[in-house]
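> one predicted model, sequence on top.
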Amino acid sequence: MDTNSNPATTKKIVEVSSVLSVREYAEALKMPVTQVMSVLFKNGVMATINESIDFETMAIIGDELGYDVKEKADEKISKIVEVERKHLTERSPVVTVMGHVDHGKTKLLDAIRSTDVVSTESGGITQHIGAYQITIKDKEKKERTITFLDTPGHEAFSAMRAHGANITDVVILVVAANDGVKPQTIEAAKHAKEANVPIVVAINKIDLPDADIEKTKRQLADIGLLPEEWGGSTPMVGISAKNHLNIDELLEMVLLVSDLKEMKADATVPASGVVIESHMQAGKGPLATVLVQEGTLHLNDPIIIGQTYGKIRIMENYLGKKIKEAKPSTPIQIAGLQDLPNFGDRFQVVENEKEARDLVKTKSIHRKVISITEISKDIKEGKLKELKIVLKADVAGSLEAIKTSLEKISTSEVKINIVHEGVGDVNESDINMALASTALVIGFRVKASTDVMNLAKRENIKISIYDIIYQLLDDLTAALSGLLEPEIIETEVGRMEVLAIFKVARQDQIIGGKVKTGRIENNCVVKIVRDKETLGEGKITSLQQNKREVSDVQEGFECGLKVVSATKIKVGDSLECYKHEEIIRRL
Ligand code: GDP
């Protein structure tokens, strides 16, 4: 037997990078994109032609299409993303203020700004960017810094909420005591909860005669925010942003809540963080306000940022002061980028500008990808047992009808979780809601404007709009099936008796024998049985009959084979050949 021979393989090998769009993947396979899409769909992945899929997904789909999919080495990306954090130190909390329009967010941010012990001495903060930091003295008179993210413009605000999970440690939910809980209050609370960010409620405008704190608390309790004094876990502070009443108490509470979270970062690693604003400025080019989350960002650091890259030429703090370095939780404005990054994009310092350019070229950085394996991994780890959707319908009647049908297709194992629902066209906040909770957006007889479509495209959120209810249900059933763990069926293919051992390397064993029942197949898993006892398992990596490589050998014939196994095979052993089939279960 030729020990150097490769195991027989009928699969074509294709090399791909870690992330590709469906179109690029189909091109790599030299297959019609529709065929690739249909196999994806069969596996529960509803991806359109331009959406990105990850390597694991490509491997699974490729296997089904007769390809052996190998990943091209772009390990540099994972290397930079997974820096080990060894020198953890405390960082200041990052806070976002949310709430219904006119409930006093801006006023509160102003009031907080004026509590700063450092800048008030030097004439107050003149804010240059959409974020600021204050330093206050806590109860023990210790100086503490808090970073506040401002919310410029409506789109950024709603996008900020969607990205909340990544950029904010605590949310201050402002509710006006004379107006109570309103739609945006509910939405903000939902966003924060979905993102697992603790909420401190600021019941504002308590100076007004029609302020009703108790009623506001009752309404908050109704939406799942039970005040601490009623046995709940949501701290609430009555304030007046206008009269600067109880602002210190509110900040004290923010510190208390954030102290409960482990807020640490390693200031010694290459810096990384997130974009919170960006715009073009004449003479300076693309400018971005970023929040440093790990490491220390230095002047002249080469970075990749979203789909672009650059070198930090100018760095300014929120006061517009030029600085040379920025530590974790610091918001800063940077210049020196090739192009404008998007809100929510991540940045990462790399070794040099060339590396930054090369990495950006691979296009795969930080692209959000759709992945079946991620979903199934999450299921296996018990993290995910549901398919999250944002559901929009034309009228209340159809919304209810769809909800009832969806309940029917859910099982005890996997279910559909409607994270947000409503009547009317798909809007920006639906997309952000989907983004915050990794949900699909499902619409029934509704529309989505070009702006909304563009936002969804940018954020890689899938919007599926249906006119026919059973098509909607069919698609969701298929997606849900992707969430079911496959059933693994083991079937015995045949058995052989070992008659000779030719060679034993570290794990490879070359043996000869005779097939007693059924057949022996190449690439089969074998159980090594001695005196009716299974000693171990192995895999056949090469199979020969009459010195020719074959895919199987039938009962009654002799064969030579290479087995990879940690168990030493002996003459007289029986090898039982098994096949494992994964059956994708449908609902
Ligand atoms: P935003 O839309 O949430 O940012 O709300 P603003 O901060 O712009 O406040 C809306 C209105 O409420 C403004 O006219 C503020 O002056 C007023 N306002 C904000 N906070 C208070 C407060 O504590 N008491 C009173 N009486 N008015 C307030």
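Received the coordinates, thanks. Residues are numbered from 1 along each chain as shown.
> measure residue 342 to residue 546 for me?
Between residue 342 and residue 546 the distance is 63 Å, computed by C-beta to C-beta, to the nearest Å. For glycine as for every other residue, the C-beta is placed from the backbone atoms N, C-alpha and C.
> which residues does residue 85 contact?
265-266, 269, 294 (C-beta atoms under 8 Å, 6 or more residues apart in numbering).
> so which of these is the closest to residue 435?
residue 294 (22.0 Å; C-beta to C-beta).
> so that closest one makes contact with residue 264?
No - counting by C-beta atoms under 8 Å, residue 294 stays clear of residue 264, with 9.9 Å between them.
> and those two? Which one has more around it.
residue 294 (23 against 14; other C-beta atoms under 10 Å).
> neighbour-wise, which of residue 342 and residue 546 wins?
Applying other C-beta under 10 Å to residue 342 and residue 546 shows that residue 342 carries more neighbours, namely 15 against 10.
> so where do the strands sit in the stretch 201-350 of the chain?
236-238, 264-266, 272-281, 285-294, 297-298, 302-305, 308-316, 325-326, 331-337, 346-349 (DSSP state E, counting those that start in this stretch).
> sheet partners, orientation included, of the first one?
What it means is strand 236-238. Note on strand 236-238: by DSSP bridges, its sheet partners are strand 199-204 (parallel).
> narrow the contacts of residue 85 to those that are buried.
265-266, 269, 294 (16 or more other C-beta atoms under 10 Å).
> would CSV of those with pLDDT be doable?
Shown next, in CSV, are the buried ones among the contacts of residue 85 (pLDDT from 0 to 100):
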residue, pLDDT
265, 90
266, 91
269, 90
294, 91
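> which of those residues lies closest to the ligand?
residue 265 (30.0 Å; C-beta to the nearest ligand atom).
> apart from its neighbours in sequence, what residue is nearest the closest one?
Take residue 265 and drop its neighbours on the chain: the residue closest to it by C-beta to C-beta, 6 or more residues apart in numbering is residue 328, 3.6 Å away.
> what's the spacing between residue 291 and residue 344?
From residue 291 to residue 344 the distance is 11 Å (C-beta to C-beta).
> between those two, which contacts overlap?
Taking C-beta under 8 Å, 6+ apart as the contact rule, residue 291 and residue 344 both touch residue 274.
> check which helix or strand residue 53 maps to.
Per DSSP states H and E: residue 53 is located in strand 52-54.
> so who does the closest residue to residue 239 other than its chain neighbours touch?
Leaving aside its sequence neighbours, residue 239 sits nearest to residue 246 (C-beta to C-beta, 6+ apart; 4.4 Å). Residue 246 makes contacts with 206, 237-240, as judged by C-beta under 8 Å, 6+ apart.
> give me the phi and psi for whichever residue of the stretch 301-450 of the chain sits closest to the ligand.
Proximity of the stretch 301-450 of the chain to the ligand (C-beta to the nearest ligand atom) peaks at residue 429, 15.8 Å away. Per-residue torsions, residue 429: phi -70, psi -30 (degrees, to the nearest 10).
> same deal with residue 472?
Torsion angles, degrees, to the nearest 10, at residue 472: phi -60, psi -50.
> please verify my assumption that it contacts residue 402.
Yes - counting by C-beta under 8 Å, residue 472 does reach residue 402; the two are 6.8 Å apart.
> quick one: mean pLDDT over whichever helix or strand comes after the strand holding residue 53.
Towards the C-terminus, the helix or strand next in line after strand 52-54, according to DSSP H and E, is helix 55-64. Across helix 55-64, pLDDT averages out at 82.
> and if you look at stretch 98-118?
pLDDT averaged over stretch 98-118 gives 85.
> got it, and stretch 516-536?
Rounded mean pLDDT across stretch 516-536 is 92.
> and stretch 446-460, by the same measure?
83.
> buried residues of that stretch, list them for me.
Quick answer for stretch 446-460 (16+ other C-beta under 10 Å): 446, 448, 452, 455-456, 458-459.
> give me the distance from that stretch to the chain's centre.
Centroid separation for stretch 446-460 versus its chain: 19 Å, with C-alpha atoms, centre = their mean, to the nearest Å.
> what about that stretch, how long is it end to end?
Terminal residues of stretch 446-460 lie 20 Å apart, using C-alpha to C-alpha, to the nearest Å.
> residue 318 contacts residue 131, doesn't it?
Yes - Residue 318 lies in contact with residue 131 (C-beta under 8 Å); the separation is 5.9 Å.
> and the helices in the stretch 301-450 of the chain, which stretches?
353-361, 372-380, 396-409, 428-436, 450-458 (DSSP state H, counting those that start in this stretch).
> count of residues packed around residue 232?
15.
> and the residue nearest to residue 342 when sequence neighbours are not counted, what does it touch?
Excluding the flanking residues, the one nearest residue 342 by C-beta to C-beta, 6+ apart is residue 306, at 5.6 Å. Shown in contact with residue 306 (C-beta under 8 Å, 6+ apart): 275, 341-342, 345-347, 366.
> can you read off the pLDDT for residue 3?
Confidence score, pLDDT, at residue 3: 40.
> swap in residue 296?
96.
> pretty sure it sits against residue 324.
No - applying C-beta under 8 Å, one finds residue 296 not in contact with residue 324, separated by 10.1 Å.
> out of the two, which sits in the busier spot?
Neighbours were counted for residue 296 and for residue 324 using other C-beta under 10 Å; residue 296 has more, 19 against 10.
> and that one, bridged to which residues?
Where residue 296 sits in a bridge, its partners, by DSSP bridges, are residue 270.
> report the contact partners of it.
Contacts of residue 296 by C-beta under 8 Å, 6+ apart are 267-268, 271, 325-328.
> buried ones among these?
Counted by 16+ other C-beta under 10 Å, the contacts of residue 296 give 267, 271, 325-328 as buried.
> identify the farthest-apart pair in the residues you listed.
Largest pairwise distance in these, by C-beta to C-beta, is 11.3 Å, between 325 and 328.
> which residues of the stretch 1-150 of the chain fall in strands?
Going by DSSP E, counting those that start in this stretch, the stretch 1-150 of the chain shows strands at 12-16, 19-21, 52-54, 67-71, 88-90, 94-99, 131-137, 143-149.
> in its sheet, which strands sit next to the fourth one, and in what direction?
Taking DSSP bridges as the criterion, strand 67-71 pairs within the sheet with strand 12-16 (parallel).
> just the C-alphas of the partner strand, formatted as CSV.
C-alpha atoms of strand 12-16 as CSV (Å, rounded to 0.1, in the frame of the first residue of the first chain):
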residue,chain,number,x,y,z
LYS,A,12,-13.5,20.3,-5.1
ILE,A,13,-11.4,22.6,-2.9
VAL,A,14,-12.2,26.3,-2.8
GLU,A,15,-10.4,28.9,-0.8
VAL,A,16,-12.4,31.8,0.6
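> right, I'll call it a day here.
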